[in-house]
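Participant: Sequence plus predicted model, see below.
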Amino acid sequence: MKRNLPIKSILVAGMGASAAMWLTSKPNRLKVENVCRDWKRKIAPTPIDKSDAFPVEKAGNPHPQDTEDTDMVSEGAMYSVKFYNEKVQ
């Protein structure tokens, strides 16, 4: 009944020895390290640092009660429309 056990053991030992022989070469080791590093990045990406985040919290979406900000946004919108119209005409 346990006749397949030695064949499987020999097969696993042969695969391990082949992998060890293949990894003795430095270029092959570097390839394996790069593949493992890429897999690690795909599985667990690095968290975004807060210093790299966009610093503006309400960009282009002013609060309706904030009249100064809404005036500034509306003036900016009119400026770009006026600039475009002058360029086209």
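Facilitator: Good, I have the coordinates.

Participant: so how far is residue 6 from residue 88?
Facilitator: Note on residue 88: its distance to residue 6, by CB to CB, to the nearest Å, is 84 Å. Where you see a C-beta, it was placed from the backbone N, CA and C, and this is true even at glycine.

Participant: Which one's more surrounded, these two?
Facilitator: Each of residue 88 and residue 6 has its neighbours counted (other CB atoms under 10 Å); residue 6 has more, 9 against 6.

Participant: In which helix or strand does that one reside?
Facilitator: helix 4-22 (DSSP states H and E).

Participant: Only C-alpha atoms, please: export that helix in CSV.
Facilitator: Coordinates of each C-alpha in helix 4-22 appear next as CSV, following Å, rounded to 0.1, in the frame of the first residue of the first chain:
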residue,chain,number,x,y,z
ASN,A,4,4.2,5.2,-3.9
LEU,A,5,5.7,6.9,-0.9
PRO,A,6,9.4,6.3,-1.9
ILE,A,7,8.7,7.5,-5.4
LYS,A,8,7.1,10.7,-4.2
SER,A,9,9.9,11.3,-1.7
ILE,A,10,12.6,10.8,-4.4
LEU,A,11,10.7,13.1,-6.7
VAL,A,12,10.4,15.9,-4.1
ALA,A,13,14.1,15.4,-3.2
GLY,A,14,15.1,15.6,-6.9
MET,A,15,13.1,18.8,-7.3
GLY,A,16,14.7,20.4,-4.2
ALA,A,17,18.1,19.4,-5.5
SER,A,18,17.4,20.9,-8.9
ALA,A,19,16.1,24.1,-7.4
ALA,A,20,19.3,24.3,-5.2
MET,A,21,21.5,23.8,-8.2
TRP,A,22,19.6,26.4,-10.2
